[in-house]
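A.B. asks: Build me a model from this:
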Amino acid sequence: MNIKSFTNVFKNHCLNHNLEKSSYQQELVIKLSKFTKQINNHSSWLKWLLKNPQKFGFYMYGDVGVGKTMIVNLYFEYLKFNKKKYHFNEFMIEVHKFLHSNQEKNQTNQNLLKKYAEELKKQYKLIYLDEFQVTNIVDAMILSKLFENVFKNEIMVLITSNIEPDKLYEDGLQREQFLPFISILKQNLNIFELSGNFDFRKKDISQINRFFSPNNLTNNFKINQLFHKITKTRKKIDKSLIIKGRKLELRNFYDGVARFDFNELCNKNIGAEDYIELAKICKFIVIDNVPNFSNEILNQQQRFITLIDILYEHKIKLLISCSVKIENFNSATNLNNVFKRTISRIYELTSPTY
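C.D. replies: Residues are numbered from 1 along each chain as shown. Sure, this is the predicted structure:
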C-alpha cells in the first residue's frame, strides 16, 4: 500500500469537513502511514519487528480537542483487517467479566489474563483503546500482566489518552505496583504527543442553549418547557435497569428520552456498565442539578466523567442544569487534567448543532 495513501485520506477528510491541519497532526498521520505500509506487507512486517522488536503500535496523548480521536478513528476505518475499537471502560469491563466467569475453574488471574490475550489474538490483529485512563486500583493491578500477554501475542495496539504515560494513575493507591505497566507501554508502543492549543470540538459559548446555569426557578421553568416539548409525542414508560444486582430506576423515561437528577446517576454505587446500558436505550438525556466539583466529592466527579465519556461514545444528546457556568467548573485536584476532556465534550453534547 502506498505510503501516501492514509496521508491522502486524512487530507481529503480535512478538505471535506473544512478542518485546519496542524503540523503535529500531519506528523502523526505520516507516522501512521509508514506503520501501515509495514503491517500490510508480511515480509516488511517481519523486518519491522526485527528492527523494532517491541513496537506494536502507538500511544497517542495530548490535550482535549487536538484531534487525537478524529485521526485515529479515521485510521481505524482505513485499516482493512480484523480489528476492534473499545472505549477503555468497555474494554476493562470485558476483561473483568472474563476473569469473573472463569474463576470457578481454579485458575489464577495471571493464567486467565494469558488466556484472555490468546482469545483476543484469535479474533483481532489490532485493538484500539480510546480515552485511556486508569482511576481505580482494580484495573491498575492487572494491567501489567494483561498487556504483557497482549504484546507477547503480537496484537497491535492503538491508544489515545489525555495523559502522558508517566503520569497515568498518578497519586493512585499502591502505584508502585502499577509502574511496570508504564514500562511495558513505553517498551512496546511508539509514544507520540499530539500538541496544540485549539479545541476542534468546542463551540462558541453563545451558541450553546442546552447548558443552563445557575440552578434557579427561571432556568428550571425553561428546562421543563423544553423537556415537555421533546416528550409530548412520546409515551412515558416505567423502566428500570438491573446490572449485576444493581437497580437503576428511570422515573422519567419517555421512549428514548430520560431525565435524571445528578445524584441518581453519580451519587450511587453505579458505574460504566450501568451507563453503557443506559446509553443503549436513550437518545436524549437531561441531567439536573450538576454541582461544582471539589476534592470533597471526588467519587461523584469520577462517575460523572465516566458517564459523559460513555454518552459521548454513543452520541447521546444532553441537556444539563448546573450550579455554575460551564467555563467556571472546578475539579478535584487528581481529576483536573481528565476533566478538561469532560468539559470539552459537554460543550459538544449540549450544542444545538449536535
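A.B. asks: switch to C-alpha atoms for all contacts and neighbour counts from now on
C.D. replies: Fine.
A.B. asks: what's residue 247 sitting at in phi/psi?
C.D. replies: Dihedral pair for residue 247: phi -120, psi 120, per degrees, to the nearest 10.
A.B. asks: Distance check, it against residue 149.
C.D. replies: Distance, residue 247 to residue 149, using Cα to Cα, to the nearest Å: 35 Å.
A.B. asks: just residue 305 next, same as before
C.D. replies: For residue 305, the distance to residue 149 - Cα to Cα - is 29 Å.
A.B. asks: So residue 61 is in contact with residue 166, correct?
C.D. replies: No: with contact defined as Cα atoms under 8 Å, residue 61 does not count as touching residue 166 (11.4 Å).
A.B. asks: Compare the two and say which is more crowded by neighbours.
C.D. replies: Higher neighbour count among residue 61 and residue 166: residue 61, with 23 against 12, using other Cα atoms under 10 Å.
A.B. asks: Got the phi and psi for that one?
C.D. replies: Backbone dihedrals for residue 61, given as degrees, to the nearest 10, come out at phi -130, psi 160.
A.B. asks: can you pull the contacts of it?
C.D. replies: By Cα atoms under 8 Å, 6 or more residues apart in numbering, residue 61 lies in contact with 68, 160, 161, 162, 163, 164, 191, 192, 193, 194.
A.B. asks: In helices, which of those residues fall?
C.D. replies: Using DSSP state H, the members of the contacts of residue 61 that fall within helices are residue 68.
A.B. asks: which residues of the stretch 51-200 of the chain fall in strands?
C.D. replies: Assigned by DSSP state E, counting those that start in this stretch, the stretch 51-200 of the chain shows strands spanning 57-61, 83-87, 126-130, 156-161, 190-193.
A.B. asks: Nearest to residue 269, out of those strands?
C.D. replies: strand 83-87 (20.8 Å; Cα to Cα).
A.B. asks: what lines up beside that closest one in the sheet?
C.D. replies: On the basis of DSSP bridges, the sheet neighbours of strand 83-87 come out as strand 126-130 (parallel).
A.B. asks: got the contact list for the partner strand?
C.D. replies: By Cα under 8 Å, 6+ apart, the surrounding residues in contact with strand 126-130 are 69, 76, 82-88, 91, 155-161.
A.B. asks: Can you get me a residue count around residue 222?
C.D. replies: If you count neighbours by other Cα under 10 Å, residue 222 ends up with 12.
A.B. asks: swap that for residue 333, please
C.D. replies: Residue 333 has 12 neighbours, counted by other Cα under 10 Å.
A.B. asks: wait, doesn't it sit right on residue 295?
C.D. replies: Yes: in this structure, residue 333 is within contact of residue 295 by Cα under 8 Å, at 6.4 Å.
A.B. asks: ok, and the closest non-adjacent residue to residue 330?
C.D. replies: Distance criterion Cα to Cα, 6 or more residues apart in numbering; nearest residue to residue 330, sequence neighbours excluded, is residue 293 at 5.3 Å.
A.B. asks: OK, contacts around that neighbour?
C.D. replies: Here residue 293 is in contact with 301, 329, 330, 331, 332 (Cα under 8 Å, 6+ apart).
A.B. asks: Determine the three-state secondary structure at it.
C.D. replies: At residue 293 the chain is in coil, as set by DSSP: H, G, I helix; E, B strand; the rest coil.
A.B. asks: any idea of the pLDDT on it?
C.D. replies: Note for residue 293: predicted pLDDT of 96.
A.B. asks: Likewise for residue 197?
C.D. replies: At residue 197, the pLDDT value in this model is 58.
A.B. asks: Name the residues of stretch 81-91 that come out as buried.
C.D. replies: By neighbour count with 16 or more other Cα atoms under 10 Å, stretch 81-91 contains the buried residues 83, 85, 86, 87, 88, 89, 90, 91.
A.B. asks: Where does the prediction get shaky in the protein?
C.D. replies: For the chain, the stretches flagged by pLDDT under 70 are 1-4, 40-54, 105-106, 196-208, 354.
A.B. asks: Walking through it, point out its helices one by one.
C.D. replies: Per DSSP H, the chain carries helices over the ranges 5-16, 23-39, 42-51, 68-78, 88-101, 109-123, 137-152, 179-188, 217-231, 262-266, 272-281, 298-313, 336-349.
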